Structures are given as structure tokens and as C-alpha cells.
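> The following block contains a protein sequence and its predicted model.
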Amino acid sequence: MGNGDTRVRGLAARAGGWSARHRWAAVGIWMLFVVLAMGLGSAAGRVDVGNSDQLKGETNTAARIVEDAGIEEPAGETVLVQAKDEGLTATDQEFRSAVTAVVTAVEKTGEVANVTSPYESDTISEDGHSALVQFDMRGDSDTAGERVEPVLDAVAGVQQDHEALRIEEIGGASMMKTFDDAFGDDFKKAEYSAVPVALGILLIAFGALVAALLPVALAITAIIATMGLMGLVSHLQPMSETANSVMLLVGLAVGVDYCLFYLRREREERAAGRDAQTALRIAAATSGRAIVVSGVTVCVAMAGMLFTGIAEFEAMGLASLMVVAVAMVGSVTVLPALLSLLGERVDKGRLPFLRKRRANGRNDSRFWTAVLKRVLAKPLLAAVVATGALLAVAAPAVGMKTENLTLDQEFGDSLPIVQTYNRVNEAFPGGSEPAEVVVRADDINAPEVKAALADFRAQAVDSGASRGPVEIRMHSRQNVAFVYVPLVGGSDQDKAAESLVKLRDEVRPATLGTVDGVEAPITGQVAGNKDFNDQLVGSVVPVFLFVVVFAFLLMLLSFRSVTVAITSIVLNLLSVGAAYGILVAVFQHGWGASLVGAEGVGAIITWLPLFLFVILFGLSMDYHVFVVSRIREARMRGRSTRDAIQHGVVTTAGVVTSAAVIMVAVFAIFGTLSMQSMKQMGVGLAAAVLIDATIIRGVLLPAVMALLGERNWYLPKWLHRMPDLTHDESPEAAAAPPVTRDAKDERVRV
């Protein structure tokens with residue numbers, strides 16, 4: 001085709017055309033949008049997820065009671081005083097003097113309140129070798145970590161004077177400070193390093209500084225705008241720091257990918273001899289359409305998190321959805337305007353040591369050309385081998401065990417405070433993470449309520465759910481009482497959960513449950529984990545169905561093919577299954593864990609499987625839509641299905657490889673973090689993207705499509721009435737003469 005002005009239809013093509021004609025207006029509108037979104041978001045402020053919003057069930061009820069009563073629970077701290085050998089017990093004078101020294105030292109700091117000696121609270125272990133000094137940090141519990149250092153120094157000073165004893169502090173404030181000191185900058189470093197990593201890979205991919213900067217600039221402006229929008233939306237759906245980090249991760253991945261797809265196609269068309277206007281129009285009608293289809297599909301997948309009922313997931317889903325939508329809109333509007341403004345200057349800053357783009361504009365990959373030749377020669381063998389390999393990789397996922405990781409699983413035993421945590425749990429099972437019963441009554445001091453509280457304390461121990469001591473704190477003015485129950489099982493999550501069930505199902509109904517008007521939800525670390533797991537398990541089916549059904553419908557509408565829609569879903573599920581298998585093999589069984597700097601911790605963090613499913617199902621559609629769109633485009637130009645597959649896969653191999661390398665590199669950064677849960681997320685995402693861009697898109701997809709042949713484009717007649725979203729086509733396709741006709745002289749629908 002020449003450079004004529006062939007009219008094309010479709011949202012992406014029209015948006016790209018308008019932006020190219022009104023380039024300064026398009027750039028100005030985009031910048032105004034980014035500035036307004038950020039400004040309005042900053043002015044509105046951000047509302048973060050509160051304790052009462054986190055979960056439904058008893059954990060939510062307990063948090064609501066505390067918030068309604070206006071009670072600020074202080075950060076509790078504990079000092080473990082423990083004999084280093086069996087010769088010393090809590091009754092010995094040296095032990096008593098050490099306890100007295102701890103009490104005196106922490107009180108002198110002026111940072112603590114309600115200091116309790118173990119001889120008053122009976123917090124002495126059964127063997128008599130360990131005791132706990134307990135106190136609260138003054139001020140806001142959220143900032144207690146910033147004020148705990150003088151207390152830690154005071155405890156360390158007492159330790160120096162008593163070498164026969166271990167004197168160690170643990171609690172919310174001390175753990176907060178320890179982790180901030182050790183890992184506080186960990187996540188930020190990963191976030192900040194993601195941008196230069198992406199830029200470096202783009203420099204290699206494009207060989208020019210300006211071309212490499214464009215995708216990064218678009219991604220960053222999309223992220224900035226979304227941060228502002230998150231502030232506005234947070235007044236309807238509270239946000240969180242986790243949602244912010246996930247948004248940045250997803251925004252950088254899709255923002256760079258979308259721009260990469262568009263820019264590569266525009267450069268390819270210009271290199272093939274087309275003028276700048278025609279090259280932009282073709283890029284808008286092809287890659288632009290693929291971006292819109294992919295973006296909408298990713299948004300639908302992210303929306304699946306809204307069905308979990310878990311505030312943290314809802315925040316992550318909404319934040320991710322917004323950044324994908326913003327990046328998608330920017331890619332089909334401001335990007336064409338910038339490319340129109342830059343013209344040939346997009347190749348400025350060319351790196352001399354990289355080979356120049358071939359003059360004929362072809363970006364065929366020699367490696368994938370060789371692979372495709374073999375795959376298409378024996379598609380059945382390729383499909384069987386690839387599917388078998390993926391199923392073998394996915395096999396370990398059958399035995400997946402999910403649980404919330406304990407402190408030692410999450411961070412290992414390299415930190416002294418983790419060792420303290422283990423010692424406290426050994427001496428006082430459940431003492432470091434007690435169940436907390438929040439009791440509200442019309443009159444908390446009524447005789448029947450006090451009797452029920454005393455009965456509950458006694459039966460909690462008698463039932464075997466706790467070994468004590470059970471502590472009760474009264475808040476008479478608010479008619480609320482807190483009951484702290486150390487659970488038998490301690491850091492063993494399964495056993496601690498059994499103790500919790502005894503409290504909830506046996507002890508509470510027989511005691512507090514007999515008094516009218518008394519509410520007594522049981523919360524705490526173990527209860528929160530159980531409620532979270534129960535809610536997450538209950539949301540798996542609706543989330544799975546929502547994502548799969550809507551992704552199928554979008555593929556059906558976008559490609560007008562039942563076959564393409566079904567294969568899209570099946571291939572994506574294979575990719576997710578393989579990622580699950582790798583996670584279980586590495587982090588649950590420990591196979592090759594040392595290769596990624598991880599440990600086999602015996603379980604996968606509870607929230608990760610559902611999170612990975614939603615994220616991966618969405619992101620993998622990027623490549624799938626891009627590759628299948630190119631195949632479909634070639635098919636519409638009159639090529640046979642096999643030739644179209646060869647053309648589509650080979651010509652997109654370069655851009656898909658570049659995009660995949662960026663995603664794998666960014667996700668792998670998170671696999672270098674210290675926390676096992678972050679390692680699991682990073683490795684899972686990186687492995688899935690790598691599998692998706694190679695085995696799935698480079699081998700299995702072309703093999704399956706080659707086997708199906710013309711059945712790839714099958715659409716039942718009764719579905720012909722559905723909306724036609726296939727308007728965006730290449731001008732070449734629009735100008736091409738009609739091709740294949742079937743026996744009834746009807747054009748074959750593709």
C-alpha cells in the first residue's frame with residue numbers, strides 16, 4: 001500500500017489520529033490531567049484502611065467496638081528475664097534483683113507506663129527459669145517504634161550487669177524499630193531501582209535514548225496521576241501502603257509495555273518506508289487496538305480483587321485497575337502526539353555500540369524464526385511436549401499449603417529479636433501473640449458480668465486452650481474490658497488455631513455468652529489469621545469465576561472467535577499453574593531455594609495464590625492479545641492461518657521479549673527483598689512472566705493455533721449479532737481485496 005489516507009475505524013485509531021493532528025493540545029491535556037489529579041489528591045488527603053475495615057467477622061467486630069469506645073490501645077512491650085542454665089530460678093535473689101533492675105530502668109526513661117513485675121502478674125514459666133516484665137509505651141502506638149530506643153538501651157544496660165541471665169525486650173514497638181532499621185528501606189530501594197532497570201533494558205531494545213525514555217516517562221506520569229486519584233477514591237474505598245506499592249509495580253510494568261508495543265510498531269512502519277502520518281495511523285489501528293483490548297482485560301482481572309471482601313485486597317485491586325486504565329489512555333492519546341512531535345528525533349541519542357535497525361523495517365527474530373520452523377513442522381509434538389512440561393512444573397501445586405508465616409519463617413533467625421520471640425514462645429506458649437477478647441456490656445461492672453469474666457478466665461485454662469496467665473484490663477468508663485489469653489500452641493499456627501476454636505466455640509458460650517447484652521468477639525494475631533484465611537477461601541470461587549468469565553467475554557468480543565477466547569483462558573491458566581508449581585517447589589519444599597536466596601519455609605503465604613492469579617491472569621493478556629492481534633491482522637490480509645501464525649509470532653518476538661525482560665527484571669528485584677513473603681511474590685511473578693513469554697507464546701500458542709487451523713476463527717452464527725469490536729484494523733487490511741469465501745459464498749469471519 002502507498003501512503004494514502006485510507007480511513008480506519010475504531011476507538012484507538014480515532015484517538016491516535018486526533019492526537020497526531022492536535023498534538024500540542026493532546027500533550028497539554030495529558031499534563032493538565034496529571035497535575036490536576038495529583039493536586040486534587042494531595043488536597044483531599046488519603047484515607048487508609050483502618051483496623052475495623054480490614055476484615056469481616058469477629059476481628060472486624062472487635063476493632064469496631066474499640067474504635068467506637070475511643071480506646072487507644074498502647075503498644076505493649078515485654079522484657080524476658082531468663083536463666084542461661086538450669087541452676088538459677090525466679091526465686092533466687094540474683095534473678096529477683098535483675099527483675100527489679102529492669103523495672104527501675106524502664107520506668108526511669110519516662111517513656112513507659114503500667115510496668116508490671118512478674119511477681120505481681122504471675123508471668124513466671126512453669127519450670128521457673130523465665131519471667132516476663134510487662135509495660136506499655138506512652139503515646140500513639142503507631143509511632144511507638146520511634147520512641148522505644150531509650151527503653152531498649154535501658155534494658156541492654158541491665159543485661160550487661162547480669163551475665164548469668166538473658167534480658168531481652170520484645171513487643172510491638174521494639175519489633176517495629178528493629179524491622180524498620182533492618183528492612184525499612186528494602187522495599188523503597190526495590191521500587192526506586194525498578195525504573196533504572198527498565199530504562200537500561202529499553203536502551204538496549206531501542207538503541208536510542210529518546211525512544212527509551214518515552215515508555216518510562218509515560219509510566220511515571222501514569223503512576224503520578226494514579227497516586228492523586230487514589231487520594232480522591234480513598235474517601236470511598238480506603239487505600240493502603242501495600243496498595244501503593246502494588247500500583248507502582250503494575251503501573252511500571254503495563255505503562256512500559258503499552259508504550260513499547262505502540263512505539264515499536266510505529267518505528268517498524270517508518271522503517272518500511274511509510275511517512276510519519278501513515279506509520280502513526282497503522283500503529284494506532286493495530287498496536288493501539290491491542291493495548292485497549294489488553295488494558296480492559298487487565299482492568300477486569302484486577303477488579304476480581306474487589307470480590308474478596310478484604311479491604312487490603314480491594315485497595316490493591318482498585319489501585320491497580322486505576323493505574324492500568326490511566327496507562328492505557330495515555331498510550332493511545334498522548335503517546336501518538338509525542339511521536340508526531342518528535343518524528344525522526346525519536347531516534348536521537350543512538351547508542352553507537354548497538355546495531356542499527358534494519359533498513360527494510362523487519363524485526364524478525366532469528367531465534368524465534370528457527371523455533372517456529374520446528375514448532376509448525378510438528379505442531380502436535382510441540383503442543384504435547386510443551387503442555388507436558390508445564391503440567392510437570394505445575395504438579396507440585398497440588399500439594400500447596402498456605403498459611404500466614406510466623407516471625408521466624410518470614411525473617412529467619414538472623415535477627416536477635418526473632419530469637420527472643422522463639423524463646424518467649426517456648427517458655428510461655430502463646431504469650432507473644434495472645435488472643436484478645438474484647439468484652440462490651442451495658443454495665444461492665446455488673447456482678448453477673450464480673451462473674452462471667454472470672455468464669456471465662458478459669459475455663460480458658462481448664463479447657464486446655466491456655467496455660468495462663470489470663471489477664472483482664474477494665475475500661476469502666478467505656479463499659480469495655482480486654483481479656484488477654486495466651487494460646488496453647490504458641491507459634492505453631494495449627495495448634496494455636498485449635499486453641500482459638502475452643503475459646504470461641506466452647507469457653508465463650510458457656511461463660512460470657514450466658515449474660516444478656518454482652519458482646520465478646522475474640523481477636524488477636526491468631527484470630528486475625530484465621531478470619532483472613534476463612535474469608536479468603538470463601539472468595540476464591542467468585543473471584544475465579546468473575547475473572548475467567550469476563551476475560552472470556554472480552555476475548556470473544558475483541559476477536560469474534562470462540563476458539564481464540566477458549567485458548568486464551570486455557571493458556572493463561574497453564575501459565576498461572578506453572579507459577580504455582582514453582583512457588584511450592586522452591587518455598588514449600590525448598591528445592592533450589594538457595595539459588596534465589598530464599599529458604600524452604602514449608603508453606604506459601606496465605607494471600608499470595610489469589611493475588612498471583614489475578615495479577616498474572618491480567619498481565620499475561622498483554623502478550624497474548626498483542627501476538628494474537630498480529631496473527632489475526634496477517635490472516636485478514638489474505639495469508640493462510642499457518643503463515644499468519646509464523647508472521648505474527650516472529651514479528652512480535654522482539655517487542656514481547658523486551659517487555660518480558662523488563663517485567664521479569666522488575667519482579668525479580670522484589671525477589672531480592674529480605675522478607676520471605678516478598679521473595680515469594682517476586683519469584684512467582686518473574687517465573688510466570690518468563691514462562692508466559694517463552695513456552696506459552698513462543699511454542700504452545702503457535703502449535704495449538706496451527707493444529708486448529710481455520711477453526712481458530714470459529715464463531716457460531718447465533719453469535720454474529722453480538723457487538724462487533726473488531727473495527728480497528730491496519731489501513732493495509734482495510735484496503736486489501738476480499739479474500740477467502742466459504743461454500744455459501746460468504747466471507748470467512750476473522
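That came in fine, so what should we check first?

> The stretch 251-400 of the chain: helices as residue ranges?
276-285, 287-303, 311-332, 334-342, 366-377, 379-394 (DSSP state H, counting those that start in this stretch).

> and the first one with helix 334-342, angle?
What separates the directions of helix 276-285 and helix 334-342 is an angle of 170 degrees, with axes from the mean of the first three to the mean of the last three CA atoms, to 10 degrees.

> Just the buried residues of helix 276-285, please?
276, 278-285 (16 or more other CB atoms under 10 Å). For every residue, glycine as well, the C-beta is placed using N, CA and C.

> residues touching the nearest residue to Lys401 once chain neighbours are set aside, list them.
Excluding the flanking residues, the one nearest Lys401 by CB to CB, 6 or more residues apart in numbering is Ala603, at 4.8 Å. Applying CB atoms under 8 Å, 6 or more residues apart in numbering to Ala603 gives the contacts 401-403, 405, 409, 587-588.

> go again using 6 Å as the cut-off
With contact taken as CB atoms under 6 Å, 6 or more residues apart in numbering, Ala603 is in contact with 401, 403, 588.

> still on that earlier bit, mind putting the buried residues of helix 276-285 in TSV, distance to Arg467 and pLDDT included?
Shown next, in TSV, are the buried residues of helix 276-285 (distance: CB to CB, whole Å; pLDDT from 0 to 100):
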residue	distance to Arg467	pLDDT
Ala276	78	79
Thr278	79	84
Ala279	75	83
Leu280	73	85
Arg281	75	85
Ile282	74	85
Ala283	69	85
Ala284	70	85
Ala285	71	83
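
> quick one on the thing from earlier: and the helices of the stretch 251-400 of the chain: which comes nearest Pro486?
helix 311-332 (27.2 Å; CB to CB).

> Tell me the secondary structure at Gly590.
With DSSP: H, G, I helix; E, B strand; the rest coil as the basis, Gly590 sits in coil.

> OK, contacts around the closest residue to it other than its chain neighbours?
Setting aside the residues directly before and after it, Gly590 is nearest to Gly600 in space (CB to CB, 6+ apart), at 2.1 Å. Contact partners of Gly600, counting by CB under 6 Å, 6+ apart, are 589-590, 593.

> before we move on, the earlier item: can I get the buried residues of helix 276-285 in a markdown table including distance to Leu571?
Below are the buried residues of helix 276-285 laid out as a markdown table (distance: CB to CB, whole Å):
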| residue | distance to Leu571 |
| --- | --- |
| Ala276 | 36 |
| Thr278 | 34 |
| Ala279 | 31 |
| Leu280 | 31 |
| Arg281 | 31 |
| Ile282 | 27 |
| Ala283 | 26 |
| Ala284 | 27 |
| Ala285 | 25 |
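
> From the residues you listed, pick the one nearest Pro447.
Set against Pro447, the nearest of the buried residues of helix 276-285 by CB to CB is Ala284 (78.1 Å).

> wait, what's in contact with the closest one?
Contact analysis of Ala284 by CB under 6 Å, 6+ apart lists 12-13, 16, 336.

> So which of the residues you listed wins on neighbours?
For the contacts of Ala284, neighbours were counted using other CB atoms under 10 Å, and Gly16 has the most, 33 neighbours in all.

> can you tell me which helix or strand that one belongs to?
helix 11-21 (DSSP states H and E).

> can you give me phi and psi for the residue lying closest to Gln409 once chain neighbours are set aside?
Leaving out its chain neighbours, the residue that sits closest to Gln409 by CB to CB, 6+ apart is Val601, at 4.3 Å. With angles defined as degrees, to the nearest 10, Val601 sits at phi -100, psi 0.

> so Val601 makes contact with Leu407?
No. Using CB atoms under 6 Å, Val601 is not in contact with Leu407, being 11.5 Å away.

> Contact partners for Leu707?
Contacts here follow CB under 6 Å, 6+ apart; on that basis Leu707 touches Pro379.

> Quick one: distance of the host helix or strand of it to the chain centre.
Assessed by DSSP H and E, Leu707 sits inside helix 701-708. Centroid separation for helix 701-708 versus its chain: 32 Å, with CA atoms, centre = their mean, to the nearest Å.

> Mind exporting the C-alpha coordinates of it to PDB?
What follows is helix 701-708, C-alpha atoms only, in PDB (Å, rounded to 0.1, in the frame of the first residue of the first chain):
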ATOM      1  CA  LEU A 701       0.200 -20.800  21.300                       C
ATOM      2  CA  PRO A 702       1.500 -21.300  17.700                       C
ATOM      3  CA  ALA A 703       1.400 -25.100  18.000                       C
ATOM      4  CA  VAL A 704      -2.300 -25.000  19.200                       C
ATOM      5  CA  MET A 705      -3.300 -22.500  16.500                       C
ATOM      6  CA  ALA A 706      -1.600 -24.500  13.800                       C
ATOM      7  CA  LEU A 707      -3.400 -27.600  14.900                       C
ATOM      8  CA  LEU A 708      -6.800 -25.800  14.900                       C
END
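
> Tell me the buried residues in that helix?
Across helix 701-708, burial judged by 16+ other CB under 10 Å covers 701-706, 708.

> How about stretch 380-398?
382-383, 385-387, 390, 393-394, 396-397.

> Same question for stretch 597-604.
Buried-residue list, stretch 597-604, by 16+ other CB under 10 Å: 598, 600-601, 603-604.

> and those, which of them are in helices?
With helices defined by DSSP state H, no entry of those lies inside them.

> got those residues as CSV, with distance to Asp622 and pLDDT columns?
Below are the buried residues of stretch 597-604 laid out as CSV (distance: CB to CB, whole Å; pLDDT from 0 to 100):
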residue, distance to Asp622, pLDDT
Ala598, 27, 71
Gly600, 32, 76
Val601, 31, 79
Ala603, 30, 84
Ile604, 25, 88
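
> Of those, which pair is most distant in space?
Maximum pairwise distance in the buried residues of stretch 597-604, criterion CB to CB, is 12.9 Å, between Ala598 and Ala603.

> ranges for the strands of the protein?
Along the chain, counting by DSSP state E, strands occupy 76-83, 112-116, 130-137, 165-171, 402-403, 435-440, 471-475, 480-485, 522-523, 604-605.

> looking at those strands, which has the lowest confidence?
Mean pLDDT is lowest for strand 402-403 among the strands of the chain, at a mean of 80.

> returning to that earlier point: looking at the contacts of Ala284, which is nearest Gly228?
Pro336 (23.8 Å).

> That closest one is in contact with Gly17, isn't it?
No. The criterion here is CB under 6 Å, and Pro336 misses it with Gly17 at 7.8 Å.

> before we move on, the earlier item: quick check: the gap between the residue nearest to Gly590 and Trp368.
Here Gly600 is placed at a distance of 35 Å from Trp368 (CB to CB, to the nearest Å).

> same deal with Arg350?
Counting by CB to CB, the separation of Arg350 from Trp368 is 25 Å.

> what's the weakest-modelled helix or strand in the protein?
helix 731-735 (a mean of 41; mean pLDDT, DSSP states H and E).

> where's the residue nearest to Pro542 when sequence neighbours are not counted relative to Ser575, distance?
Among residues not flanking Pro542 along the chain, Phe307 sits closest, at 4.8 Å (CB to CB, 6+ apart). According to CB to CB, Phe307 and Ser575 sit 22 Å apart.

> And those two? Which one has more around it.
Neighbours of Phe307 and Ser575, each counted by other CB under 10 Å, are more numerous for Ser575; the result is 29 against 20.

> so what's the more buried one up against?
Shown in contact with Ser575 (CB under 6 Å, 6+ apart): 620, 688, 691-692, 696.

> Any idea how many residues pack against the closest residue to it other than its chain neighbours?
Spatial nearest neighbour of Ser575, excluding adjacent residues (CB to CB, 6+ apart): Asp692 at 4.5 Å. Number of residues near Asp692 (other CB under 10 Å) recorded here: 29.

> Was I right to think Asp692 contacts Gly618?
No. Judged on CB under 6 Å, Asp692 makes no contact with Gly618 at a distance of 11.7 Å.

> Report the separation between the spatially closest residue to Arg147 that is not a sequence neighbour and Met175.
Distances taken as CB to CB, 6+ apart place Glu111 nearest to Arg147, at 5.4 Å, with adjacent residues excluded. To Met175, Glu111 is 16 Å away according to CB to CB.

> No further queries at this time; thank you.
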